[in-house]
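*Asks:* what would the 3D arrangement of this be:
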Amino acid sequence: MSELRRDPVSGAWVVLAPDRAKRPLDFAHEAPAPDRRDTCPFCPGHESETPPEIAAIREGGGWRLRVVPNRYPVLRTEEQLRTHSEGVLEARTGVGAHEVIIESPEHVRSLGALDVAQVGRVLGMCRARLLDLKRDGRLVYGLVFKNVGPRAGASLEHTHSQLIATPVVPERVQAEIDRCARHHRERGRCLQCDLVVQERMTGTRVVLETANFVALAPFASRAPFETHLVPKAHQSHFEGIDEAAIPELGEALRTAVRKIEKALDDPPYNLIFQSAPLGSPPMDSYHWRIEIIPRVVGVAGFELGTGFFINTVPPEEAADYLRTLKA
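*Replies:* Numbering: from 1, shown residues only. Alright, predicted model coming up:
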């Protein structure tokens with residue numbers, strides 16, 4: 001039987017339609033990509049094919065991780081911030097930042113193929129880059145995200161993440177902030193904190209737990225096997241994470257990704273860091289999270305016309321299956 005569920009944080013509706021469900025191995029798969037490491041601009045020896053480094057981690061005479069500007073940036077720091085309006089129309093110059101975090105010298109496709117220490121380095125660099133961009137007063141929001149596989153929007157196979165900083169807070173993010181603020185005003189507590197407590201009590205949608213983090217299949221999952229990784233203690237900004245907690249977060253994130261890859265036979269996926277705006281002080285009402293969204297089903301007319309997502313795998317079933325998998 002189908003069911004409509006509402007995401008308590010975003011307010012978005014999802015249609016759970018298990019009658020349309022398929023076994024995990026029946027989901028759409030991408031054809032294996034040809035091996036292009038000889039021409040890959042992110043592989044060692046091809047450093048001249050990327051723009052000059054912004055930051056890097058080096059060990060033993062070689063690099064372990066590099067950050068470079070995107071060769072085809074969405075936004076540029078060199079622009080001057082100007083606004084223009086014409087009647088009801090409003091525009092601004094494309095001020096911002098667009099960086100690529102090359103996560104490893106190894107030509108592998110996914111973060112799940114990296115060792116735990118390297119995932120920790122990636123997370124530490126994401127934190128460092130957000131803290132650096134935060135110093136530019138024009139930039140008020142920063143999003144770290146990862147596209148794996150062409151179906152998820154990746155144009156290069158070599159494992160990498162991107163960071164885009166914008167001069168405005170995206171409408172979707174602001175709507176979440178407002179919704180969480182309303183919950184805090186009414187109940188005096190953070191909505192995500194309440195969700196974490198409730199989900200840990202029931203346990204049916206918990207995928208894994210560590211001392212400080214929990215991975216959940218969200219109640220209103222937009223896609224089969226969608227998983228969110230959330231700190232148990234309240235924190236609004238990802239870049240505010242204690243450096244000592246990064247290795248633990250790296251292990252939890254790698255484990256969650258590897259479980260999803262096992263369940264769905266290495267699917268394309270998007271990984272998104274949802275965090276409070278760069279320019280805001282610590283917020284009692286908003287709580288950061290990392291979203292892992294497998295791209296095993298397409299978006300069609302109903303989704304585009306309504307904003308609803310259709311998910312054929314109830315999150316309770318997905319979490320139960322993921323718990324059984326060894327990463």
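
*Asks:* burial count for residue 191?
*Replies:* Residues near residue 191, counting by other Cβ atoms under 10 Å, number 21. Every C-beta, even on glycine, is put in place using the N, C-alpha and C of the backbone.

*Asks:* that one contacts residue 8, doesn't it?
*Replies:* Yes: shown here, residue 191 and residue 8 form a contact pair, counting by Cβ atoms under 8 Å, at 6.2 Å.

*Asks:* near residue 60, how many other residues are there?
*Replies:* Neighbour tally, residue 60, other Cβ under 10 Å: 6.

*Asks:* next, it: phi, psi?
*Replies:* The phi and psi values for residue 60, taken as degrees, to the nearest 10, are phi 60, psi 30.

*Asks:* ok, it to residue 105 distance?
*Replies:* 11 Å (Cβ to Cβ, to the nearest Å).

*Asks:* equivalent analysis for residue 268, please.
*Replies:* 23 Å.

*Asks:* swap in residue 181?
*Replies:* 43 Å.

*Asks:* just residue 316 next, same as before
*Replies:* In terms of Cβ to Cβ, residue 316 sits 40 Å off from residue 105.

*Asks:* pull up the pairing partners for whichever strand or helix holds residue 165, direction included.
*Replies:* Assigned by DSSP states H and E, residue 165 belongs to strand 160-166. Strand pairing for strand 160-166, determined by DSSP bridges: strand 97-102 (antiparallel), strand 141-148 (antiparallel).

*Asks:* what pLDDT, on average, does it get?
*Replies:* Taken as a whole, strand 160-166 has an average pLDDT of 96.

*Asks:* grab the CA positions of that strand and hand them over as CSV.
*Replies:* The C-alpha coordinates for strand 160-166 follow below in CSV (Å, rounded to 0.1, in the frame of the first residue of the first chain):
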residue,chain,number,x,y,z
HIS,A,160,36.6,14.1,-6.2
SER,A,161,34.3,16.4,-4.4
GLN,A,162,33.3,20.0,-5.2
LEU,A,163,32.7,23.1,-3.1
ILE,A,164,30.6,26.0,-4.3
ALA,A,165,30.2,29.2,-2.3
THR,A,166,27.5,31.7,-3.1
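
*Asks:* so residue 131 touches residue 239, yeah?
*Replies:* Yes: Residue 131 lies in contact with residue 239 (Cβ under 8 Å); the separation is 5.1 Å.

*Asks:* who has more neighbours, these two?
*Replies:* Neighbours were tallied for residue 131 and for residue 239 using other Cβ under 10 Å; the higher tally belongs to residue 239 (21 against 14).

*Asks:* which residues of the stretch 51-200 of the chain fall in strands?
*Replies:* Ranges of strands in the stretch 51-200 of the chain, per DSSP state E, counting those that start in this stretch, are 55-59, 62-69, 83-86, 89-92, 97-102, 141-148, 160-166.

*Asks:* not counting the fourth one itself, show me its contacts.
*Replies:* Contacts with strand 89-92, where a contact means Cβ atoms under 8 Å, 6 or more residues apart in numbering, come from 81-85, 167-168.

*Asks:* again, only using 6 Å
*Replies:* 83-84 (Cβ atoms under 6 Å, 6 or more residues apart in numbering).
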